[in-house]
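Asks: what shape does this take:
(chains A and B)
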There are 2 protein chains.
Amino acid sequence: MNLIARNSFRLRALPYHLSSLNSMRHQATCATTATPSFPCVDAHAARESKILASSFHRYSQIGTPASSSDSGPEPPYARPNPLSYNTYHHQYPLELTYGSTLPSFDIAYETWGTLSPSHDNVILLHTGLSASSHAASTELNPTEGWWEKFIGPGRALDTNQFFIICTNVLGGCYGSTGPSSIDPEGQRYATRFPILSIFDMVQAQFKLLDHLGVQKLYASVGSSMGGMQSLAAGWLFPDRVGKIVSISGTARSSPGSIAMRHAQRSVLMADPNWNNGFYYDQLPPHTGMKLARQIATITYRSGPEWDQRFGRKLRESKDGQSPSPSRRLPTLCPDFLIESYLDHQGEQFCLKYDANSLLYISKAMDLFDLTLPALQELAMTPATHAPPSPSTSSSRQSPVPSKSHPPPLHYAPHFPELAAGLEPLKLIPTLVLGVQSDILFPVEQQRELVDALRMAGSTQVSYFELGGVWGHDTFLLDVLNVEGAVRGFLS
Amino acid sequence: MNLIARNSFRLRALPYHLSSLNSMRHQATCATTATPSFPCVDAHAARESKILASSFHRYSQIGTPASSSDSGPEPPYARPNPLSYNTYHHQYPLELTYGSTLPSFDIAYETWGTLSPSHDNVILLHTGLSASSHAASTELNPTEGWWEKFIGPGRALDTNQFFIICTNVLGGCYGSTGPSSIDPEGQRYATRFPILSIFDMVQAQFKLLDHLGVQKLYASVGSSMGGMQSLAAGWLFPDRVGKIVSISGTARSSPGSIAMRHAQRSVLMADPNWNNGFYYDQLPPHTGMKLARQIATITYRSGPEWDQRFGRKLRESKDGQSPSPSRRLPTLCPDFLIESYLDHQGEQFCLKYDANSLLYISKAMDLFDLTLPALQELAMTPATHAPPSPSTSSSRQSPVPSKSHPPPLHYAPHFPELAAGLEPLKLIPTLVLGVQSDILFPVEQQRELVDALRMAGSTQVSYFELGGVWGHDTFLLDVLNVEGAVRGFLS
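Replies: Coordinates of the predicted model:
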């Protein structure tokens, strides 16, 4: 007695279903005897063939400019266009947090607005993991930037008032020195590139500021990993940062977010094309990158958003029409629209970003930790040799929750250590923006940051917690509320 | 000016750090010039060599029993031990939801307690995705089962009172017919196995109940996917199910949970060893399985648990000691304990479960949807041909939130449709257990199920929402609270 017969008392027009069901059965039985095919798997091989057939091989020919008529899926980072952004070349060595030294480096950057005569209106905008310096359109590059709606006259970062600088981070692949760059021996660094920290990225940015003659920032602003950089700038250079904005950032990567980045690194490094990072003269690990981006995308949005946006809708068939159930049976490949969406996000990204950059920068995010013991470890000093300063010690005695929101249910054991680590930021006015639907940098981390800053002695912390269903990506999407909070704080 | 120098005013014992730092630098510089090595990637190849060197090749030799002295990492499902469980062979065809027909099938099952003379004390226990019928130790198999602490005299499922049956689901690999089983032509089904639904799994279980002479269940109990089966049993056979328990289940897979299972299927199917599902006479996709399990593990627990359990602790080095920072610099491979934990979970699982079973069963979970329109689509009846029954229509008019908990902030558009679909369950007393830290089957879905059941007319719905940090796995770990709720409801 099957599902249909058993419930026919609840379903009308029985003869109709049964005939349709029989027709569906016939299709299914026929399909079963044939060799199964998996278009979702074949897509990887098809992409590979397309890459091979394209001008991709030029990628390995260092210094050979590709002609603009090339339209194959060559990684765009393989031939950055230095005419679309500015580049600062730092010709001196940069000592890095974990002990290595970069002999020299480039930082790609773009600017908006006008630098005031006294150089006191500069906002340094920090990017998330994979963004370029192209935060908004410029004369050099009129395409839309990743924070287009937030930069301009009267916008969150008001170009009538401020001179905004955005860089591609050290370790990136959009013009700044990273694993895909050429080392002093003329080879691509690949995984011989040193492990980076968020502090290193900020150090490099401040070398650029030195070069531009900017002694003190009006503000350091960033979202996601950019929020970490924003805090790190204040920690490293408390006298050179006027205000801090951290949107969906954190002062200390949680094991939950490390887990999600670990999963991405694992699938990427398991792609045989990754080849221990030495893929620059061969096929890049496009499948690993696609899979990693699918996982990342899950962490960037939220279940409630997908419920509203996709629900359980089925994906469109190749002719652009939603399939009717009589035309298609479920398969092991994607059936739901949410699956197509994730696939599409992965496809879009897999050749647009350098795999090694993803690994190095995502690792730098994991390593970020502003608790005092972690900072002391960076300096290789046992905690007993470096007691916290008196002001910090006294603030450790009793965690004082802020009054503007309920304190976390359980104070984590690292809470006083975080307050101690954040002590250098206590005189810098700081805006923390959190998003309730963010699963990557959850509101608990935002509240922890705010409480720890206040415990460290800061009296100028503003905190906003945004609602909505956009998850971590809210900082890209919620123009109204993010702009409102940022503009108000900066003005 | 580097990180350390810049902040030296806050760190004591400067000469000490600087000398340590220099020693660290020296190590790092040495490491940079050498060819980088990635033990976390080499582990895949090492596992492969071990599998090849073991008795693994026998896996393909159908019917050849392996000697018990074999100790290689042969997949255990390749040689199930039919002496450790019972098997019911159904020799007649089973028509499946999506139109195919299984010519015959086996169901592996185990039992605990004593069947009453009138056969009225039977509890059917449904498993999650990857569990076997071995819910608790038996005489045939004294090893600990997956719900060991919940089955026995005086426990949640009280063997003094009840006769408990647990099966390996149809599609599984622990004795029940699934993709690794032999088809009528003597070949393994592989991906020629038909797409399954949760309903199909339940149909097969009820064939077993018929065989055992059980007309009506005292209760249908299940967690996770078992919760779906528990509801499906009530829907298919409302007259044969006395009570329903759904723990961390759902009446309708959300796009968020589909996304997380999609990511798992994608990494698995991208493993070249998966070979479109035809790997039974060669290497199984052990790397894809490991990566898939890592992702799954992230969805089974919670960030707050990891914060308490692992925090930012570094992983142990090979000699079992936590590395001191002076001994190890960060790498692109796992550095944190949370990463080792995920790796370990993946390693443990990757040869223990059949990859194709994972794909088919995870897809069945995605497809599960008890809203009326979805049920009508299964019957291939356009909604206009099958108006809901009068009782359902009237219940649609106004969503009435339950009084025991706050209603969801926004009633999703499918809410009345779910109530209509659940109408067959309205006379069956139902216990719904949800967990606040569950990210795979979040409490919103539990509340939705409860509200929809009540809207469908049920007056016997009990709802408990459990706290704690164990996430989806709470049903395996929180013996006290899960047992309390289940035992109270069943008694």
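Asks: can you show me the strands along the stretch 151-300 of chain A?
Replies: Using DSSP state E, counting those that start in this stretch, the strands of the stretch 151-300 of chain A run over A:151-152, A:157-158, A:163-167, A:219-223, A:244-247.
Asks: between these, which one is closest to residue B:54.
Replies: Closest to residue B:54 of those is strand A:219-223 (Cβ to Cβ; 49.7 Å). Using the backbone N, CA and C atoms, a C-beta is placed for each residue, glycine as well.
Asks: could you give the average pLDDT over that closest one?
Replies: If you average the pLDDT over strand A:219-223, you get 98.
Asks: okay, now the sheet partners of that strand, with direction.
Replies: Strand A:219-223 sits in its sheet next to strand A:122-126 (parallel), strand A:244-247 (parallel), going by DSSP bridges.
Asks: distance to residue A:483 and mean pLDDT for those - can I get that in a markdown table?
Replies: A markdown table is the format used below for the strands paired with strand A:219-223 (distance: least, Cβ to Cβ, whole Å; pLDDT from 0 to 100):
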| stretch | distance to residue A:483 | mean pLDDT |
| --- | --- | --- |
| strand A:122-126 | 14 | 98 |
| strand A:244-247 | 11 | 98 |
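Asks: center of chain A - which residue?
Replies: residue A:129 (3.4 Å; Cα atoms, centre = their mean).
Asks: any figure for the gap between that one and chain B?
Replies: Between residue A:129 and chain B the computed distance is 15 Å (Cβ to the nearest Cβ, to the nearest Å).
Asks: cool, and residue A:220?
Replies: 15 Å.
Asks: contacting residues for residue A:170?
Replies: Listed by Cβ atoms under 8 Å, 6 or more residues apart in numbering or on different chains, the contact set of residue A:170 reads A:102, A:105, A:107, A:176, A:177, A:178, A:196, A:200, A:201, A:204.
Asks: do that again at 6 Å, thanks
Replies: A:176, A:200, A:201, A:204 (Cβ atoms under 6 Å, 6 or more residues apart in numbering or on different chains).
Asks: wait, which of these is closest to residue A:296?
Replies: Lowest distance from residue A:296 to these (Cβ to Cβ) belongs to residue A:201, with 19.2 Å.
Asks: that closest one and residue A:421, how far apart?
Replies: Computed as Cβ to Cβ, to the nearest Å, the residue A:201 to residue A:421 distance reads 18 Å.
Asks: what's the closest non-adjacent residue to the residue in the stretch 301-450 of chain A that chain B sits nearest to?
Replies: Evaluated by Cβ to the nearest Cβ, the stretch 301-450 of chain A has residue A:303 as its residue closest to chain B, separated by 2.8 Å. What sits nearest to residue A:303 in space, not counting adjacent residues and going by Cβ to Cβ, 6 or more residues apart in numbering or on different chains, is residue B:256, at 2.8 Å.
Asks: tell me, how many residues neighbour the residue of the stretch 51-200 of chain A found nearest chain B?
Replies: Going by Cβ to the nearest Cβ, chain B is nearest to residue A:99 of the stretch 51-200 of chain A, at 3.7 Å. Neighbours of residue A:99 under the rule other Cβ atoms under 10 Å in any protein chain shown: 23.
Asks: output the contacts of residue A:170 as CSV; include the columns neighbour count.
Replies: Putting the contacts of residue A:170 into CSV (neighbours: other Cβ atoms under 10 Å in any protein chain shown) gives the following:
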residue, neighbour count
A:176, 28
A:200, 26
A:201, 27
A:204, 24
